[in-house]
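> make a model of this:
(chains A and B)
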Amino acid sequence: MTAKHDVELQKKICMDFGADLGSELCQEVGSLMEECPECKVYYDTMKRSVKLYRVVEDECELPNAVSERLFKVLNLDELKKDA
Amino acid sequence: MHPINRELTNEETPELIQSAQDGDRKAQSHLVTMYSARIYNLGLRMLRNNEDAEDMLQETFITAFQKIHTFKQKSTFYTWVYRIGVNIALGKLRKQSRMKISYSIQEPDFENLHGLKISDWPEYIETKVSDEEFRIALKVALDDLDEKYRSVFVLRDLEGLSTAKTAVALELSESNVKVRLMRARLFLRDRMNSFLKREGWLV
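Got it, this is the predicted structure:
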């Protein structure tokens, strides 16, 4: 099998299985990609961009005003302090 | 009525759900307290603005309590209410997408990457997430991602749902979820790469 076939296979594996980025499967794909340095850089930077999104899109607290309006619209505002 | 006589905890119990189904307002209030932040965050991630996320949050709980008698406790209440939230968010996105320009997504041709100069990102990129401009660039790229790809990316990579659960939530096949996820990741990677080049952070 040629390097090109390997790369195509790696692409198919990730596309077809949509494996989690840290999974064993994707690590195998990563090791296969070492035969194609450009593909590896591309793939690694894709993984890093997902990591960056996990930081930037981290969960925020529910703002008090939003919470109060929610309880009010549900007619639960009297119970909010007890919940 | 089955009022809750014991101390309320942050655990979802069959008694708590039964009380909420029987109309116990205290139990309902407790469920809202337990899950409203998570649903709001889902709304923010999918809808990309505070107002829409708040609307989605309210609609989700209104719908949940209107239909709570139909909840059979085959899943957790959280899973059930989460699904309602996803559906409401998707409905809003579909309305918005009629007015929005969508960016085309091209699959990279890995074979063509051979021999191309593809710059690796510097190690310090991760430390740049506190940089406001960088955060905005990341968020804008996600905003620009077509709704059908973004929903998959949000549920799989940000919310951490499995492929199977994402497929159920979005009413897609699992293979469709996988393909859309990969395309979303690649789109975001390419947008980020362009930003880094523009800023002179890539050699």
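> host element of A:Cys39?
If you go by DSSP states H and E, A:Cys39 is part of helix A:37-56.
> export the helix or strand just after that helix as CSV, just CAs?
Once the chain leaves helix A:37-56, the next helix or strand it forms, by DSSP H and E, is helix A:64-73. This file holds the C-alpha atoms of helix A:64-73, laid out as CSV (Å, rounded to 0.1, in the frame of the first residue of the first chain):
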residue,chain,number,x,y,z
ASN,A,64,-29.5,36.0,38.0
ALA,A,65,-31.8,38.2,35.9
VAL,A,66,-32.3,35.4,33.4
SER,A,67,-33.0,33.0,36.2
GLU,A,68,-35.5,35.4,37.8
ARG,A,69,-37.4,35.9,34.5
LEU,A,70,-37.5,32.2,33.9
PHE,A,71,-39.1,31.5,37.3
LYS,A,72,-41.5,34.3,36.8
VAL,A,73,-42.6,33.1,33.3
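> helix A:64-73 and chain B, any residue contact?
Yes - legend: contact between helix A:64-73 and chain B by Cβ under 8 Å from any Cβ of the partner chain is shown at A:66-67, A:69-71, A:73. Backbone N, C-alpha and C define where each C-beta goes, glycine included.
> circling back: the helix holding A:Cys39 packs against which elements?
Applying 3 or more Cβ pairs under 8 Å, 6 or more residues apart in numbering or on different chains; DSSP states H and E, we find helix A:37-56 packed against helix A:24-32, helix B:110-113, helix B:132-144, helix B:174-198.
> winner for burial among those?
Of all the helices and strands packed on helix A:37-56, helix B:174-198 has the most neighbours on average by mean count of other Cβ atoms under 10 Å in any protein chain shown, namely a mean of 20.
> what angle sits between that helix and helix A:37-56?
90 degrees (axes from the mean of the first three to the mean of the last three Cα atoms, to 10 degrees).
> helix B:174-198 vs helix B:132-144, what angle?
150 degrees.
> helix B:174-198: how far from the chain's middle?
Distance of helix B:174-198 from the chain centroid (Cα atoms, centre = their mean, to the nearest Å) equals 16 Å.
> I'd like to know which helix or strand in the chain has the lowest mean pLDDT.
Went with chain A since none was named. When the helices and strands of chain A are scored by mean pLDDT, DSSP states H and E, helix A:3-17 comes last with a mean of 59.
> right idea, wrong chain: chain B
Per mean pLDDT, DSSP H and E, bottom of the list for chain B is helix B:110-113, a mean of 54.
> could you double-check that B:Ala20 lies in contact with B:Val32?
No - at 9.7 Å, B:Ala20 does not count as touching B:Val32 under the criterion of Cβ atoms under 8 Å.
> so what pLDDT did residue 39 get?
Picked chain A for this. You'll see A:Cys39 listed with a pLDDT of 75.
> actually it's chain B I care about, not the one you picked
The model's pLDDT for B:Ile39 equals 97.
> what is the three-state secondary structure of it?
Three-state assignment for B:Ile39 (DSSP: H, G, I helix; E, B strand; the rest coil): helix.
> next one: B:Glu11
Once three-state DSSP is applied, B:Glu11 turns out coil.
> next: the one 4 residues further on.
Under three-state DSSP, the three-state class of B:Glu15 is helix.
> now do the buried residues in the helix holding A:Cys39.
Across helix A:37-56, burial judged by 16 or more other Cβ atoms under 10 Å in any protein chain shown covers A:38-43, A:45-46, A:48-50, A:52-53, A:56.
> so what pLDDT did residue 1 get?
No chain in the question, so chain A it is. For A:Met1, the model assigns a pLDDT of 46.
> um, chain B though
pLDDT at B:Met1 comes out at 38.
> please apply the same query to the one 10 residues further on.
Turning to B:Glu11, the model gives it a pLDDT of 81.
> repeat for A:Ala19
62.
> what residues are up against the closest residue in space to B:Met192 that isn't next to it in sequence?
Distances taken as Cβ to Cβ, 6 or more residues apart in numbering or on different chains put A:Ser49 closest to B:Met192, at 4.8 Å, once the chain neighbours are dropped. Applying Cβ atoms under 8 Å, 6 or more residues apart in numbering or on different chains, one finds that A:Ser49 lies in contact with B:185, B:188-189, B:192.
> related to what we said a few turns ago, need the residues of helix A:64-73 next to chain B in TSV with neighbour count and pLDDT, can you?
Listed next are those as TSV, based on neighbours: other Cβ atoms under 10 Å in any protein chain shown; pLDDT from 0 to 100:
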residue	neighbour count	pLDDT
A:Val66	18	97
A:Ser67	19	97
A:Arg69	15	97
A:Leu70	24	98
A:Phe71	21	97
A:Val73	15	97
